[in-house]
Structures are given as structure tokens and as C-alpha cells.
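J.: how would this look folded up:
(one chain, ligands or ions: 1)
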Amino acid sequence: MGLMEFFGRLFKKKTGASGAEAQGPGKELVCADCKSTFIFEEGEQHFYKMRGLTPPKRCPNCRSKRKHRRR
Ligand SMILES: [Zn+2]
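T.: Presented below is the predicted three-dimensional model:
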């Protein structure tokens, strides 16, 4: 085999690997309060990033509970 074939293989390997783990539908996070897992969805991630916020530590359930408790 020639040198070109060798480089061709290298390239194929690289492009194949980088495309695999780009983005999923959502991130699975663990709630700090009830320890249950919840999905931090792609759209939400985008929203948090745009506002410069850190990802939520609690599930939507616990978050709304906290809000309601406030007086
Ligand atoms: Zn929770």
C-alpha cells in the first residue's frame, strides 16, 4: 500500500471519531434534594448557557416546591 492510502485511513478515523459524541437529546442530572435523576434538556441547556447560568442542581419538581414555599 502507498503513503496516500495510509493518510487516507488516518483521516477517516479522525472524522469518524469526532462526529460520534457531539450532542445528545439531553443530559441526565441527579437532584441534590431528592437524589432522583432528571433530564436537563437540550433546549434548557441552551437557555441556561445564553443567560450565563449554571446547570440546575435540583429536579423541576423540587425547584417548583422551593418556589411555592417562599412567602
Ligand atoms: Zn428533586
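J.: Please make it C-alpha for all contacts and neighbour counts, starting now.
T.: OK.
J.: So which residues on this structure come close to the ion?
T.: C31, D33, C34, C59, C62 (CA under 5 Å from the ion).
J.: What's the separation between the third one and C62?
T.: Going from C34 to C62 by CA to CA, to the nearest Å gives 8 Å.
J.: what do those two both touch?
T.: Contact criterion CA atoms under 8 Å, 6 or more residues apart in numbering; residues shared by C34 and C62: none found.
J.: which non-adjacent residue is nearest T54?
T.: Using CA to CA, 6 or more residues apart in numbering and skipping residues adjacent in sequence, the residue nearest T54 is Y48, 6.7 Å away.
J.: And the pLDDT at the one you found?
T.: Looking at Y48, its pLDDT is 95.
J.: okay, now it: neighbour count?
T.: The tally of other residues near Y48 (other CA atoms under 10 Å) stands at 14.
J.: Look up the closest residue to the one residue sitting closest to the centre of the chain, ignoring the ones flanking it.
T.: For the chain, K27 is the residue whose C-alpha lies nearest the centre (CA atoms, centre = their mean; 4.1 Å). Once flanking residues are discounted, K27 sits nearest to F40: 5.0 Å by CA to CA, 6+ apart.
J.: Beyond the one helix or strand the one you found maps to, next helix or strand please.
T.: Secondary structure assignment for F40, by DSSP states H and E: strand 37-41. The C-terminal neighbour of strand 37-41 among helices and strands, as given by DSSP H and E, is helix 42-51.
J.: the inter-axis angle of the following helix or strand past that next one versus strand 37-41?
T.: The helix or strand immediately downstream of helix 42-51 is helix 60-69, counting by DSSP H and E. When axes from the mean of the first three to the mean of the last three CA atoms, to 10 degrees is applied, the directions of helix 60-69 and strand 37-41 differ by 90 degrees.
J.: buried stuff in stretch 55-65?
T.: P56, R58, C59 (16 or more other CA atoms under 10 Å).
J.: what's the pLDDT at the second one?
T.: According to the model's per-residue confidence, R58 sits at a pLDDT of 95.
J.: residue contacts, it?
T.: With contacts defined as CA under 8 Å, 6+ apart, the neighbours of R58 are V30, C31, A32, D33.
J.: count of residues packed around the third one?
T.: So that's A32. 13.
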